[in-house]
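Chemist: need a 3D model of the following:
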Amino acid sequence: MKKILTLLPLIVLIAGALWGCGGKNTEPTVEEKLTRVWTAKVVKEGSDIVYDKTASSNKIPGYANYKLDLTSKTAAKLTEKDGVTFTGTWSISTDNTTLTISNLTSSSGVPTGTNGTLAYKVIGTPTTAAITLETATAYIKASNTIANYQLTNP
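Modeler: Sure, this is the predicted structure:
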């Protein structure tokens, strides 16, 4: 009993140190999850799968060029399936459901039919390794359909 009483303060001290050091593992915000370079894994134009990174052939192989660089907290760089790269700014809506890329421009102008702005619905729950985006409206560069992009962080 005497040994237990002499060891009790040491046990309490160790337990307190372990409990106090158990830092909080907070989940990254959606914005933090998006701040990466994304490439196409699977792309649908309408209901038609036109690109699958794992397929041996694709209807639109140019999606292998697709890259969405959001590594800056505000600046965006979008490389389309035709290899044209646009720069602009990006933001996520307060409810984390819409990604907007604005002020897009390149040496050849703005993306066709966009006035320099692309809005995407965030589908499902993004992770640091994968996100699914869908154009909010029909996109002329996606055969004038809603485009669905399953993106991966390489």
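Chemist: roughly how far does G113 sit from T137?
Modeler: Distance, G113 to T137, by CB to CB, to the nearest Å: 9 Å. Bear in mind the C-beta positions are built from the backbone N, C-alpha and C, glycine included.
Chemist: repeat that for K73.
Modeler: On the measure of CB to CB, K73 and T137 end up 26 Å apart.
Chemist: confirm that T128 sits in a strand.
Modeler: No: counting by DSSP: H, G, I helix; E, B strand; the rest coil, T128 is located in no strand; its state is coil.
Chemist: surely it meets N153?
Modeler: Yes: between T128 and N153 there is a contact at 6.4 Å, judged by CB atoms under 8 Å.
Chemist: the more surrounded of those two?
Modeler: N153 (15 against 12; other CB atoms under 10 Å).
Chemist: spatially nearest residue to that one, not counting backbone neighbours?
Modeler: R36 (4.6 Å; CB to CB, 6 or more residues apart in numbering).
Chemist: hmm, K33 is touching I131, no?
Modeler: Yes: if you go by CB under 8 Å, K33 and I131 touch, sitting 7.3 Å apart.
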